[in-house]
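*Asks:* task: produce atomic coordinates for the following.
(one chain, ligands or ions: 1)
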Amino acid sequence: MNSDLYVTSDAKKQLTDILASFTDYSSKHLPDDVVKRLKELSEAEHSEFARIIYDAMFENMDMADRLDRPVCQDTGLVQYFVRVGTSFSYMEVIEEALRDAVLKATVSAPLRHNAVEVFDERNTGTNIGHHVPWIEWELVPNWDEIEIFMYMAGGGCSLPGMAKVLMPLEGYEGIVKFVFDRVTTLGINACPPLLVGVGIAGSAEVASKLSKKALLRPIGSVSTNPRGAMLERQIRDGLDAVGIGPGGLTGAGSVMAVHIEHAARHPATLAVGISTGCWAHRRSKIRINSKLEYEVLSHQGVTL
Ligand code: SF4
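*Replies:* Reported below is the predicted structural model:
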């Protein structure tokens, strides 16, 4: 039996409103872990110039809050990464609610119009388009709640993104070289300090998806694999030694963190993908239950 028979239009509107407010709020407030890391990086800087850039970022955040405006003019393409319980009461309407939420937030926030239809070369003017918002689904059996990551993929911070299949003998060195090449050539376009997501797998599309999922992990978390955690530290320390600094204007560090996610690979392939997040890393997380009670997990104590 179709469960949307039980979803009243009032309940669907309530769900859409929660998701729209969540998306709107996320465009204006960086998550707690990102703010904390930016403070730590700012305090670790010795260069007066780098401290000035960090101060400008904090002033930017304050003004976004006071003026109720997005933290950055590029509010990106909205992406949702959804873990939904198979018993969640709103399964049948959640996709439509997410699209409607983007439409609403585009007007309320407002969000910049960023969805350009590829073969028409036309901006839709709504932030809705073919496969936009991008939605990734994960089903959780016997659970009646939903967890949603929202990510705003800006132009600059998406620019260093790439995936490539290496010969296995290129090994860890090949992965490190690939990441350094991307960050040192295009990282400045992504408004450092960067959050660097790396995916390692057997094919390019899996490595690419894992690299984006790595950006969803909270800053301060480490790979579940000890060797993965060691590689995260080594790449982070190496990139910091390059001294890209805040805004790419040099400084003591380059990155907020390096996160690696991995999948078992084919014996004959070693695929690596990279995604980068900028200092204005608009990544938020909400949990909603079947009574439509919610908790914003990425921003402590927030009522939408
Ligand atoms: S990289 Fe980030 S901070 Fe820079 S313009 Fe793009 S969205 Fe804004």
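*Asks:* list the contacts for the closest residue to P246 other than its chain neighbours?
*Replies:* Counting by CB to CB, 6 or more residues apart in numbering, I53 is the residue found nearest to P246 once chain neighbours are left out, at 4.0 Å. C-betas here are computed from N, CA, C, even on glycine. Applying CB atoms under 8 Å, 6 or more residues apart in numbering, we find I53 in contact with G245, P246, G247, L249, G251.
*Asks:* which ChimeraX command selects the buried ones in the residues you listed?
*Replies:* Only the buried entries of the contacts of I53 go into this ChimeraX selection, using 16 or more other CB atoms under 10 Å:
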select :245,246,247,251
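*Asks:* report the two of the contacts of I53 separated the most.
*Replies:* Spanning the widest gap among the contacts of I53 are G247 and G251, at 8.6 Å by CB to CB.
*Asks:* wait, R37 sits on A257?
*Replies:* Yes: using CB atoms under 8 Å, R37 is in contact with A257, at 7.0 Å.
*Asks:* intersection of neighbour lists for the two?
*Replies:* Common neighbours of R37 and A257 (criterion: CB under 8 Å, 6+ apart): I219, G220.
*Asks:* circling back to that earlier point, hang on, the residue nearest to P246 in a strand?
*Replies:* No: counting by DSSP: H, G, I helix; E, B strand; the rest coil, one finds I53 to be helix, located in no strand.
*Asks:* possible to save the contacts of I53 as TSV with distance to the ligand?
*Replies:* Shown next, in TSV, are the contacts of I53 (distance: CB to the nearest ligand atom, whole Å):
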residue	distance to the ligand
G245	15
P246	11
G247	9
L249	13
G251	16
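*Asks:* turn the contacts of I53 into a markdown table, including pLDDT.
*Replies:* Output for the contacts of I53, formatted as a markdown table (pLDDT from 0 to 100):
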| residue | pLDDT |
| --- | --- |
| G245 | 97 |
| P246 | 98 |
| G247 | 96 |
| L249 | 95 |
| G251 | 96 |
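*Asks:* residues in the stretch 51-200 of the chain within reach of the ligand, list them.
*Replies:* Listed as neighbours of the ligand in the stretch 51-200 of the chain under the rule CB under 6 Å from any ligand atom: C72, D74, G154, G155, G156, C157, A190, C191.
*Asks:* gap between the third one and S221?
*Replies:* With distances defined as CB to CB, to the nearest Å, the gap from G154 to S221 amounts to 22 Å.
*Asks:* let me know the pLDDT of the residue in the stretch 51-200 of the chain that the ligand sits nearest to.
*Replies:* Closest approach between the stretch 51-200 of the chain and the ligand, counting by CB to the nearest ligand atom: G154, at 2.7 Å. G154 carries a pLDDT score of 98 in this model.
*Asks:* show the contacting residues for it.
*Replies:* Shown in contact with G154 (CB under 8 Å, 6+ apart): C72, D74, T75, G76, C278, A280.
*Asks:* go again using 10 Å as the cut-off
*Replies:* With contact set as CB atoms under 10 Å, 6 or more residues apart in numbering, G154 has these partners: 72-77, 112, 114, 190-191, 277-278, 280-282.
*Asks:* next one: I200
*Replies:* Counting by CB under 10 Å, 6+ apart, I200 has contacts 166, 172, 175, 206-207, 210-211, 214, 228, 231, 260-265, 270-273.
*Asks:* wait, is it part of a helix?
*Replies:* No: I200: not assigned to a helix; according to three-state DSSP it is strand.
*Asks:* need the per-residue pLDDT for it.
*Replies:* Value for I200, per-residue pLDDT: 98.
*Asks:* ok, now the one 3 residues further on?
*Replies:* pLDDT recorded at S203 is 98.
*Asks:* distance-wise, check it relative to N225.
*Replies:* The spacing between S203 and N225, counted by CB to CB, is 19 Å.
*Asks:* how far off centre is the host helix or strand of A229?
*Replies:* Assessed by DSSP states H and E, A229 sits inside helix 226-242. Centroid displacement of helix 226-242 relative to its chain, using CA atoms, centre = their mean, to the nearest Å, is 20 Å.
*Asks:* what comes into contact with that helix?
*Replies:* When contacts are defined by CB under 10 Å, 6+ apart, helix 226-242 is touched by residues 41, 44, 172, 175-176, 179-180, 183-184, 187, 192-194, 196, 198, 200, 214, 221-223, 225, 250-262.
*Asks:* and the strands in the stretch 201-304 of the chain?
*Replies:* Assigned by DSSP state E, counting those that start in this stretch, the strands in the stretch 201-304 of the chain fall at 255-262, 270-277, 283-288, 294-296.
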